[in-house]
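Asker: starting from these lines, generate the structure:
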Amino acid sequence: MNSLLRPALFVLAAGLLIACAPKSDDATPPHEDWIIESRVQFQGDRPKERLRLWVPYVVGDLYGSPNAGEIATATLRPDLAFTLNLNLGYNKLQRALIPTAFSQKWMTLEPKDARVARIIPFVLPVDGIAPVGTAEWLDTDTNVRLLLVYVDRPARVRGEIVHDGRSLRFDIDAKSAGYLWVKQPEGSGDYTVVPRPKNLVLAVF
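Answerer: Residues are numbered from 1 along each chain as shown. Modelled structure (predicted):
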């Protein structure tokens, strides 16, 4: 075989192998800030039974029951610490997204074709399906409860309501596609994007 032809054939074969290789569902390149190191922290007595973590999504809304199941899983260690790597299965999330239709009709989205999702974690008995409490992301430095939200493009969520004597305003401004930490006030106040917390727990109330 012509010595000049061999390198060209090698490059062609390598290219075909790469093209035929199955594409990963993981984020490429991975995002360091999508890797969450946290732990479950009970705001009362810890249950005696063995526990597990279930981390499903609500897609097409920020509220409601999970409708997309788990995409990235997390295993509780004996000290209730866990790692949730949202880079894993990222492209599965893209395929699971549906058109946004807020159940809270006073909420609006710009642009309207942006797609949103929210991770809603549950702490369950290993052998059961009933949550042991209400799980909320909590910034332990500020004691602020958080939502973990995903948007597939730059977008803005707006809305105002007075409910149970509380005046709430949504002012969520996503500068790019990705995951956002959104503070949720306990009383009146604004739902806004905040920096990723340095000290984060999954508090169970």
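Asker: low-confidence stretches in this structure?
Answerer: In the predicted model of the chain, residues 1-22 satisfy pLDDT under 70.
Asker: quick one: distance of stretch 135-152 to the chain centre.
Answerer: Counting by C-alpha atoms, centre = their mean, to the nearest Å, stretch 135-152 is centred 10 Å from the centre of its parent chain.
Asker: show me the contact partners of it.
Answerer: By C-beta atoms under 8 Å, 6 or more residues apart in numbering, the surrounding residues in contact with stretch 135-152 are 40-41, 57, 62, 93-94, 97, 114-119, 121-123, 172, 174, 177-184, 186, 191, 194, 197-205. For every residue, glycine as well, the C-beta is placed using N, CA and C.
Asker: which SS state does Lys92 fall under?
Answerer: Here Lys92 is helix, with the state taken from DSSP: H, G, I helix; E, B strand; the rest coil.
Asker: would you confirm that it contacts Ile71?
Answerer: Yes - using C-beta atoms under 8 Å, Lys92 makes contact with Ile71 at a distance of 5.1 Å.
Asker: re the thing from before, which among the contacts of stretch 135-152 count as buried?
Answerer: Using 16 or more other C-beta atoms under 10 Å as the burial test, the contacts of stretch 135-152 include 40, 57, 62, 93, 97, 114-119, 121-123, 172, 174, 178-184, 191, 197, 200-204 as buried.
Asker: now intersect these with the strands, please.
Answerer: Counting by DSSP state E, the part of these found in strands is 40, 57, 116-119, 122-123, 172, 174, 178-184, 191, 200-204.
Asker: neighbour count winner among Lys92 and Ile71?
Answerer: Comparing Lys92 with Ile71 by other C-beta atoms under 10 Å, the one with more neighbours is Ile71, at 21 against 16.
Asker: which ones are touching the closest residue to that one other than its chain neighbours?
Answerer: Once flanking residues are discounted, Ile71 sits nearest to Gly89: 4.2 Å by C-beta to C-beta, 6 or more residues apart in numbering. Contact analysis of Gly89 by C-beta under 8 Å, 6+ apart lists 25-26, 71-72.
Asker: and if we set it to 6 Å?
Answerer: 25, 71-72 (C-beta atoms under 6 Å, 6 or more residues apart in numbering).
Asker: among those, which one sits closest to Glu110?
Answerer: Ile71 (26.0 Å; C-beta to C-beta).
Asker: please name the residues that touch that closest one.
Answerer: 89, 92-93.
Asker: nearest to the spatial middle of the chain, which residue is it?
Answerer: By C-alpha atoms, centre = their mean, the mean C-alpha position of the chain lies nearest to Ile119, the distance being 4.2 Å.
Asker: ok, what's across the strand from it?
Answerer: Here Ile119 shows beta-bridge partners Tyr57, Leu148, assigned using DSSP bridges.
Asker: and it, how far from Asn91?
Answerer: 16 Å (C-beta to C-beta, to the nearest Å).
Asker: picking that back up, any chance of the contacts of Gly89 in JSON lines, plus secondary structure?
Answerer: Formatted as JSON lines, these follow (three-state DSSP):
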{"residue": "Asp25", "secondary structure": "coil"}
{"residue": "Ile71", "secondary structure": "coil"}
{"residue": "Ala72", "secondary structure": "coil"}
